[in-house]
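[1] Please work out how this folds:
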Amino acid sequence: MNAHITPRTPLRGALHILAGGLLLGGLLWQTTALWAGEQAVRLPPPAQEIASTGQGPQIPQKAIFAGGCFWGVQGVFQHVKGVQSAVSGYSGGTAAQASYSIVSSGRTQHAESVEITYDPAQVSYGRLLQIFFSVVHDPTQLNRQGPDVGTQYRSAIFATTPAQWQMAQSYVAQLDAARAFARPIVTRLEHQPSFFPAEAYHQDFMTEHPRHPYIVINDLPKVAQLQQLFPDSYRGDPVLVRQGR
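    From the prediction side, this is the model:
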């Protein structure tokens, strides 16, 4: 399946057709808010943070998040200062390998995810969590995100260290206690931080296909919200996978 032009679900196909018409009609940006969902709000930062190891250069750390189609998750984090790489892939499944065709079946329990390598001297894990819940996705949608439905589109955090697990658990409890969302948070904390990079055509998809209807409707507004809500963390030039090849 050519993911560049073929919808993953019937609803995504309908969005493609509608967006194409809107593009031709010149009405795209006036209707983006309707299709992109509720306006993002900057949530409070985590009450606790992973302690820094001190001054000077830090050892790069890894974080893995799942929040719907990885095109948008990757695209947002590529614009975050301190992120050294953001790679689309698959996490949390039972199979010993993963590919788009296998994961799309929903039978392996993998989730579309993004592995982030970041410099903790420039961006903390707490800030990544804050952006994940504020901008990247809607953590109250169960086994879906926008037009994409299935366990492979679930909201999940794959902690790579015990400190990340504790902090993510604490932050979810903090947001629930504060009633940050109108509905309960359904984000799963998963013990399996496995990660399989996705196929090359999925990498840097937002940057390489900025006029793709799915990107325009669902994902570009998230980057704009990142810039608006977290200007101190926003970088204009994304860090791309292809730059590291």
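
[2] C-alpha only now, for contacts and for neighbours.
    OK.

[3] Now do the helices in this structure.
    Using DSSP state H, the helices of the chain run over 10-25, 28-36, 70-77, 100-103, 125-131, 162-177, 205-208, 213-214, 220-229.

[4] Neighbours of the closest residue to Q227 other than its chain neighbours, how many?
    Excluding the flanking residues, the one nearest Q227 by CA to CA, 6 or more residues apart in numbering is Y234, at 5.4 Å. By other CA atoms under 10 Å, the residues close to Y234 number 22.

[5] hey, what's Y234 bridged with?
    Beta-bridge partners for Y234, by DSSP bridges, are V80.

[6] which residues touch it?
    H79, V80, K81, L226, Q227 (CA atoms under 8 Å, 6 or more residues apart in numbering).

[7] residue contacts, the fourth one?
    Yep, that's L226 we're talking about. L226 neighbours (CA under 8 Å, 6+ apart): V76, I131, V135, Y234.

[8] List just the nearest of those residues to T151.
    V135 (20.6 Å; CA to CA).

[9] That closest one contacts G67, doesn't it?
    No - using CA atoms under 8 Å as the test, V135 is too far from G67 to be in contact (10.5 Å).

[10] Just the buried residues out of the contacts of L226, in ChimeraX syntax.
    Buried members of the contacts of L226, defined by 16 or more other CA atoms under 10 Å, are picked up in ChimeraX with:
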select :76,131,135,234
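
[11] Would you tell me which one of the contacts of L226 comes nearest to E112?
    After measuring the contacts of L226 against E112 - CA to CA - the closest member comes out as V76, at 14.8 Å.

[12] Excluding chain neighbours, give the residue nearest to that closest one in space.
    Once flanking residues are discounted, V76 sits nearest to V223: 5.4 Å by CA to CA, 6+ apart.

[13] And the residue nearest the centre of the chain?
    V73 (2.3 Å; CA atoms, centre = their mean).

[14] so that one makes contact with V114?
    Yes - using CA under 8 Å, V73 makes contact with V114 at a distance of 6.7 Å.

[15] got any residues that touch both of the two?
    Once CA under 8 Å, 6+ apart is applied, the residues that V73 and V114 both contact turn out to be A66.

[16] thinking again about what came up before, need the contact list for the residue nearest to the centre of the chain.
    A66, G67, S113, V114, V136, H137.

[17] Most neighbours of all these, which one?
    When neighbours are counted by other CA under 10 Å, S113 leads the contacts of V73 with 34 neighbours.

[18] pLDDT below threshold where in the chain?
    Applying pLDDT under 70 to the chain picks out residues 1-38, 53-56, 244-245.

[19] what about S52, neighbour count?
    So S52, with other CA under 10 Å, has 10 neighbours.

[20] which ones are touching it?
    By CA under 8 Å, 6+ apart, the contact set of S52 is P120, A121.

[21] Ok, V136 next?
    Shown in contact with V136 (CA under 8 Å, 6+ apart): G67, G72, V73, V76, K222.

[22] In this structure the last one contacts V135, no?
    Which is K222. Yes - using CA under 8 Å, K222 is in contact with V135, at 6.0 Å.

[23] Check which residues of stretch 97-107 are buried.
    Quick answer for stretch 97-107 (16+ other CA under 10 Å): A98, V103, S104, G106.

[24] wait, the last one sits on Q152?
    What that stands for is G106. Yes - assessed by CA under 8 Å, G106 is found in contact with Q152 at 6.0 Å.

[25] out of the contacts of V73, who's nearest Q166?
    Once CA to CA is applied, the member of the contacts of V73 that ends up nearest Q166 is A66, at 17.7 Å.

[26] From I116, how far off is the closest one?
    As for A66, its distance to I116 is 11 Å (criterion: CA to CA, to the nearest Å).

[27] and what of P210?
    Distance from P210 to I116, by CA to CA: 21 Å.

[28] neighbour-wise, which of those two wins?
    When neighbours are counted by other CA under 10 Å, P210 and I116 differ, and I116 comes out ahead with 22 against 13.
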